[in-house]
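Visitor: Kindly generate the corresponding structure for this input.
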Amino acid sequence: MTRAFALSLFALAGCTNTITTVGDLAAPDFAPENSDLAARADLAALDFAAPRDLAQAPNDLAAATNDLTAQSNDLAHAPNDLSQAPQDLSSPADLACSGPCTNPPANDCQGATARAFPNPGSCNAGQCDYPPFTTSCQYGCYQGVCSAQLSFVGNRAAFQTGTANSVGLVGGSAPSTNSVSVIVQTYPHGAAQMVQLFYTTDNFASTNPLTMLADPNTPPGNNDQWYAIIPAQSMGTHIIWYLLATGWDGTQIYDSNGGANYDYTSN
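Guide: Sure, this is the predicted structure:
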């Protein structure tokens, strides 16, 4: 009996050591299980995120459709642009002039510069072109030709404006209800740069200048004709006047009745 009890005690002691060892081994086995679960949770999160990303794809495709539509609109404009090409290519102006360039403008003057146009001209972009030759004229220009120096101012006359009624050049008279038109001529054509009429109503206490204009009714001949209008004056006013022509080279010639001037009285 004593030997059997001793064996039993020994066996129990051995079992206790075995269980402790198993517990120690079991602890590492549960840790991987927990790690595996955490890994699955991470994978599940990734799996759920994927459908959201895919859900955006239709929007992206819709944007692509819009882009293609915009391209269709751009292409729709192309026929309009291409349709202009035949018009540009078929324009005869791009090919040649309609005829020979043998009809230049008349020679003319720009101030004291004479302009002469070539004949024939040249064809430029379907149109005849006549680039002028220019000459600077010292004494003036007339119809594209340089003039001689200003040498004459005269043939003056005065009329009641709008009528053929003459106003005397010296001691003349004109109605107070009417203005007076004065004309004068210069020689040669184109030589006078400016012609002026000066008049006074207070015996030269003051003087009124008028720039004379080229008269469109200039008679045929070698002279230029100019005119100016002295305004109507109150009754009893004594008007004294004279003329001054200035050439393009600065030459000045007075027409003042030999310094005595011209005059009339308003009545």
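
Visitor: Between the two ends of stretch 112-120, how far is it?
Guide: Separation of the first and last residues of stretch 112-120 by C-alpha to C-alpha, to the nearest Å is 25 Å.

Visitor: cool, and stretch 105-119?
Guide: End-to-end distance (C-alpha to C-alpha), stretch 105-119: 9 Å.

Visitor: Quick check: buried residues in that stretch?
Guide: By neighbour count on 16 or more other C-beta atoms under 10 Å, the buried set for stretch 105-119 is Cys109, Ala112, Ala114, Arg115, Ala116, Phe117. For glycine as for every other residue, the C-beta is placed from the backbone atoms N, C-alpha and C.

Visitor: Likewise for stretch 196-215?
Guide: Residues Leu197, Phe198, Tyr199, Thr200, Thr201, Leu210, Met212, Asp215 are the ones in stretch 196-215 that count as buried (16+ other C-beta under 10 Å).

Visitor: Looking at the residues you listed, which two lie furthest apart in space?
Guide: Based on C-beta to C-beta, the longest span within the buried residues of stretch 196-215 runs between Thr201 and Asp215 and measures 24.9 Å.

Visitor: Pull the contacting residues for the nearest residue to Pro131 once chain neighbours are set aside.
Guide: Among residues not flanking Pro131 along the chain, Pro118 sits closest, at 7.2 Å (C-beta to C-beta, 6 or more residues apart in numbering). Neighbour list for Pro118: Pro104, Tyr130, Pro131, Pro132, Phe133 [criterion: C-beta atoms under 8 Å, 6 or more residues apart in numbering].

Visitor: Would you check how far apart Pro118 and Asp129 are?
Guide: From Pro118 across to Asp129, the span is 9 Å (C-beta to C-beta, to the nearest Å).

Visitor: same thing with Ala164?
Guide: When Ala164 is compared with Asp129 (using C-beta to C-beta), they lie 48 Å apart.

Visitor: Neighbour count for these two, which is higher?
Guide: Each of Ala164 and Asp129 has its neighbours counted (other C-beta atoms under 10 Å); Asp129 has more, 13 against 6.

Visitor: okay, the more buried one: pLDDT?
Guide: Listed pLDDT for Asp129 reads 96.

Visitor: So which bits of stretch 214-230 are buried?
Guide: Here stretch 214-230 shows Asp215, Asn223, Asp224, Gln225, Trp226, Tyr227, Ala228, Ile230 as buried, counting by 16+ other C-beta under 10 Å.
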